[in-house]
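J.: got a structure for you, letters missing:
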């Protein structure tokens, strides 16, 4: 592949290259979509920009300037203490119990030695857990500096709002996407990319905040937002896309997946006595629920790519 600079001259670069978006007509600077490196100029800087995996050139406004990517909180956490929720000294960016629950599913559905892609790998806590289960994990995340296992485990920087790196295609027996899809602009695109990197018969384990729980729906009635999707969670945690189960079911089917299991994990942290009206409303909603809606904090879906 070849890219063209704003003046029309051919720009040297790798065949698989970097995803570059020009800031504007005639502007000789670009933004790398996969690692957010800005002000890339022509010549050796692009030629040596090896962190990314393919390249596309767009004229006009930069994609990086128009998409919503809220990661500063996670960049800052790279320098923080491990905290209470951790695995073997690696901080976990998830509710307590989620990684253990996902690990139990992984141990059950992935054969020993399976190649598993951990999307939004964070510090590498899930990668380490998967390795301890006898699997072969590869981590991937936008916040490169947060990953602690660069010397011992494969890692590829990627922005999951965009096309996944070409080296991922049809390579993995499993994908773990824990607490990431709610951070993305286009969940259907993300699920299609997950489908593409799986081998036939491969499994996807996906988790996201459960907006269908009676408590979350009661909170929507009470204050106008789902649980985990208030303004603070939007601005700090980057929770920009609440996904009801019906939306995920349709999106996963459209991507080609067969859903095998739908469960939930995580206990409510809202005090009954402080929010008794909310809990009372949630109890009424559970009484009139006509289905078997998962009620815990985090929704967990196990899906499979058809064998052929």
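T.: Cool, got the structure. Keep in mind the model is a prediction, meaning the values are calculated, not measured.
J.: what is the neighbour count of residue 236?
T.: Residue 236 has 12 neighbouring residues, counting by other Cβ atoms under 10 Å. The way it works is simple: take the backbone N, C-alpha and C, and place the C-beta from them, glycine included.
J.: in the chain, what secondary structure element scores lowest on mean pLDDT?
T.: Least confident helix or strand, the chain: strand 57-58 with a mean of 32, by mean pLDDT, DSSP states H and E.
J.: contacts for the helix or strand following it next, please.
T.: Later in the chain than strand 57-58, the nearest helix or strand by DSSP states H and E is helix 72-77. The contact list for helix 72-77 (Cβ atoms under 8 Å, 6 or more residues apart in numbering) reads 91, 93, 122, 143, 145, 146, 236, 237, 238.
J.: what helix or strand does residue 299 sit in?
T.: strand 298-304.
J.: partners of that strand, with directions?
T.: Next to strand 298-304 in the sheet, as set by DSSP bridges, lie strand 198-209 (antiparallel), strand 258-265 (antiparallel).
J.: just say which of the ones you listed is most tucked in.
T.: Across the strands paired with strand 298-304, the average number of neighbours (mean count of other Cβ atoms under 10 Å) peaks for strand 198-209, which reaches a mean of 22.
J.: so where's the stretch 51-200 of the chain uncertain?
T.: 51-66 (pLDDT under 70).
J.: can you pull out the strands in it?
T.: 57-58, 86-87, 90-91, 115-119, 136-141, 155-157, 172-178, 198-209 (DSSP state E, counting those that start in this stretch).
J.: just put these in CSV and tack on distance to residue 300.
T.: Compiled in CSV, the strands of the stretch 51-200 of the chain are given as follows (distance: least, Cβ to Cβ, whole Å):
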stretch, distance to residue 300
strand 57-58, 37
strand 86-87, 17
strand 90-91, 21
strand 115-119, 15
strand 136-141, 18
strand 155-157, 24
strand 172-178, 9
strand 198-209, 5
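J.: of all the ones you listed, which one is nearest residue 291?
T.: Of all those, it is strand 198-209 that lies closest to residue 291, at 18.4 Å by Cβ to Cβ.
J.: continuing past that closest one, what's the next helix or strand?
T.: Following strand 198-209 in sequence, per DSSP H and E, is helix 214-223.
J.: how far does the helix or strand following that next one sit from its chain's centre?
T.: Note on helix 214-223: by DSSP H and E, the next helix or strand toward the C-terminus is helix 231-232. Computed by Cα atoms, centre = their mean, to the nearest Å, the chain-centroid distance of helix 231-232 equals 19 Å.
J.: follow-up on the earlier one: which one of the strands paired with strand 298-304 lies nearest to residue 301?
T.: In terms of Cβ to Cβ, the element of these nearest to residue 301 is strand 198-209, at 4.7 Å.
J.: who touches the residue nearest the centre of the chain in this structure?
T.: With distances taken as Cα atoms, centre = their mean, residue 180 lies nearest the centre of the chain, 2.7 Å away. Applying Cβ under 8 Å, 6+ apart, we find residue 180 in contact with 119, 120, 160, 190.
J.: do the same with residue 282
T.: Neighbour list for residue 282: 213, 214, 215, 217, 218 [criterion: Cβ under 8 Å, 6+ apart].
J.: the second one against residue 295, yeah?
T.: Same thing as residue 214. Yes - Residue 214 is within contact range of residue 295, at 6.2 Å (criterion: Cβ atoms under 8 Å).
J.: alright, that wraps it up for me.
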